[in-house]
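A.B. asks: need coordinates for the below:
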Amino acid sequence: MEGDFSVCRNCKTHVASAHFALHEAYCLQLLVLCPECEEPVPRENMEEHRKVEHQQANECQERPVECKFCELDMQLSKLELHESNCGSRTEPCPGCGQFIMHRMLAQHTDVCRSEQAQLGKGKRISAPEMEIYCNYCNQMIPENKYFHHMVLMFIRFCKWSMSSV
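C.D. replies: Residues are numbered from 1 along each chain as shown. All right, here's what the predicted structure looks like:
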């Protein structure tokens, strides 16, 4: 009975010869072969199949992409780390001269231009305040106070550990 099978031209599965004609008619009506991988896919799912299964080929992790801050070309797989570091670099604002992180420069420049127009040229405008999450007290701490905050956390920890001895 093992030899009593035929291979469907559409889905390429082994089908019992007794059911082959019915299977092939059904299969040809409901399934199509993906032009990229030649796998049988339900007709109504072809668009989703191509997006899910073949989009990564179009988004190769090794393809060159450009950093939005420095315009340097690098591999897509390294872009996130690079832009994180590159965006943290500072540059003086052309309007007020204050050093601003690259990732905040566009936002600062917009604010700076409108405030410069109101205040008059040459006055310093504060950059948007960034905050850092403290794992010890579970609070957001202003970036310019974070070092001082960590010193206080260390002192409190030392006092606590000394009192528990």
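
A.B. asks: tell me how many other residues surround Glu66.
C.D. replies: Neighbourhood size, Glu66 [other CB atoms under 10 Å]: 11. (Glycine included, C-beta is placed from N, CA and C.)

A.B. asks: which strand or helix spans Cys37?
C.D. replies: In this assignment (DSSP states H and E), Cys37 forms part of neither any helix nor any strand.

A.B. asks: that one against His54, yeah?
C.D. replies: Yes - applying CB atoms under 8 Å as the test, Cys37 and His54 come out as touching, 7.1 Å apart.

A.B. asks: let me see the mean pLDDT of stretch 113-129.
C.D. replies: The pLDDT scores in stretch 113-129 average 59.

A.B. asks: Cys11 versus Tyr26, what's the distance?
C.D. replies: 10 Å (CB to CB, to the nearest Å).

A.B. asks: swap that for Gln75, please
C.D. replies: Distance, Gln75 to Cys11, using CB to CB: 38 Å.

A.B. asks: so between those two, which is more surrounded?
C.D. replies: Higher neighbour count among Gln75 and Cys11: Cys11, with 19 against 13, using other CB under 10 Å.

A.B. asks: right, and that one touches Cys27 too?
C.D. replies: Yes - judged on CB under 8 Å, Cys11 makes contact with Cys27 at a distance of 5.2 Å.

A.B. asks: where's the most centrally placed residue in the chain, which helix or strand?
C.D. replies: Geometric centre of the chain, nearest residue: Glu80, 7.3 Å, by CA atoms, centre = their mean. Here Glu80 is covered by helix 76-88, with elements defined by DSSP H and E.

A.B. asks: quick one: buried residues of that helix?
C.D. replies: Neighbour-count burial for helix 76-88 flags 79, 82-83, 86-87 (criterion: 16 or more other CB atoms under 10 Å).

A.B. asks: as CSV, those residues with distance to Met104 and pLDDT would be great.
C.D. replies: Formatted as CSV, the buried residues of helix 76-88 follow (distance: CB to CB, whole Å; pLDDT from 0 to 100):
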residue, distance to Met104, pLDDT
Leu79, 19, 88
His82, 17, 91
Glu83, 13, 88
Cys86, 13, 88
Gly87, 8, 87
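
A.B. asks: can you show me the strands along the chain?
C.D. replies: Remark: strands assigned in the chain by DSSP state E are 5-7, 14-16, 31-33, 40-42, 64-66, 73-75, 90-92, 99-101, 131-134, 139-142.

A.B. asks: output those strands as CSV; include the columns distance to His49.
C.D. replies: What follows is the strands of the chain, written out as CSV (distance: least, CB to CB, whole Å):
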stretch, distance to His49
strand 5-7, 22
strand 14-16, 22
strand 31-33, 10
strand 40-42, 5
strand 64-66, 26
strand 73-75, 27
strand 90-92, 46
strand 99-101, 42
strand 131-134, 41
strand 139-142, 44
